[in-house]
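Engineer: for reference, the sequence and a predicted model appear below.
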Amino acid sequence: MKGNIRFDRNELAGAFGDIGTDLPLIIGMILINDLNPASTLIMFGFMQIASAFFYGIPMAVQPLKVMAIIMLTQKLDKSLLYGAGLSVGIVMFILAASGLLNKMTQFIAKPVVRGIQCGLGITLASLAMTKYIHADGVPGYVLSALSFILIIFLLNN
């Protein structure tokens with residue numbers, strides 16, 4: 001366990017920021033892949049708490065977000081999700097425990113990471129625009145526009 005866990009205004013804001021991306025992904029995974037809601041939410045919460053105590057910060061589980069996006073956009077079978085989750089978990093544990101994860105950050109340029117994040121964001125946005133926004137009609141477009149304006153307004157916060 002590293003560092004001290006603290007609970008302050010910044011941590012609370014970060015928690016709401018994370019839930020804004022995590023909760024829609026989790027709900028989508030539950031609905032599209034027919035997952036058990038209770039076990040999914042309990043395990044996600046447990047893993048968030050465990051990683052917070054292990055790393056000393058409430059670290060977001062980014063590889064699992066990537067898997068969620070792939071599962072949502074490709075509508076793959078849940079058995080693939082279970083196997084991939086176990087594989088990613090094992091690899092990440094080995095990389096973190098051995099110290100190789102820190103060494104990898106020296107060789108992987110930030111633009112590569114940002115490019116992957118941008119690509120995943122574009123994938124989610126295109127899924128929303130092609131499948132969900134137009135299905136809601138005018139309210140969907142209004143909500144999308146308001147969300148976009150809010151994001152631009154809060155960009156530097």
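Structural biologist: Looks like it arrived, so ask away.

Engineer: tell me which residue lies nearest the centroid of the protein.
Structural biologist: Nearest to the mean C-alpha position of the chain, counting by CA atoms, centre = their mean, stands Lys65 at 3.1 Å.

Engineer: contacts only, for that residue.
Structural biologist: Neighbour list for Lys65: Thr21, Asp22, Leu25, Leu120 [criterion: CB atoms under 8 Å, 6 or more residues apart in numbering]. C-beta here means a position set from N, CA and C on the backbone, and glycine is covered the same way.

Engineer: ends of stretch 68-82, what's the gap?
Structural biologist: Length of stretch 68-82, first residue to last, CA to CA, to the nearest Å: 11 Å.

Engineer: now that stretch: buried residues?
Structural biologist: By neighbour count on 16 or more other CB atoms under 10 Å, the buried set for stretch 68-82 is Ala68, Ile69, Ile70, Met71, Leu72, Thr73, Leu81.

Engineer: using a markdown table, lay out those together with pLDDT and distance to Gln106.
Structural biologist: Listed next are the buried residues of stretch 68-82 as a markdown table, based on pLDDT from 0 to 100; distance: CB to CB, whole Å:
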| residue | pLDDT | distance to Gln106 |
| --- | --- | --- |
| Ala68 | 76 | 28 |
| Ile69 | 74 | 27 |
| Ile70 | 76 | 27 |
| Met71 | 77 | 31 |
| Leu72 | 75 | 32 |
| Thr73 | 74 | 31 |
| Leu81 | 78 | 31 |
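
Engineer: what about these, which are in helices?
Structural biologist: Under the assignment DSSP state H, the buried residues of stretch 68-82 contribute Ala68, Ile69, Ile70, Met71, Leu72, Thr73, Leu81 to helices.

Engineer: now those as CSV including distance to Val138?
Structural biologist: Below are those laid out as CSV (distance: CB to CB, whole Å):
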residue, distance to Val138
Ala68, 29
Ile69, 27
Ile70, 31
Met71, 30
Leu72, 25
Thr73, 25
Leu81, 35
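
Engineer: which among the residues you listed gets closest to Leu127?
Structural biologist: Thr73 (5.2 Å; CB to CB).

Engineer: least confident of the contacts of Lys65?
Structural biologist: Least confident by pLDDT among the contacts of Lys65: that is Thr21, with 73.

Engineer: and the closest residue to that residue other than its chain neighbours, what pLDDT?
Structural biologist: Spatial nearest neighbour of Thr21, chain neighbours left out: Lys65 (6.8 Å); criterion: CB to CB, 6 or more residues apart in numbering. Each residue has a pLDDT score; the one for Lys65 is 72.
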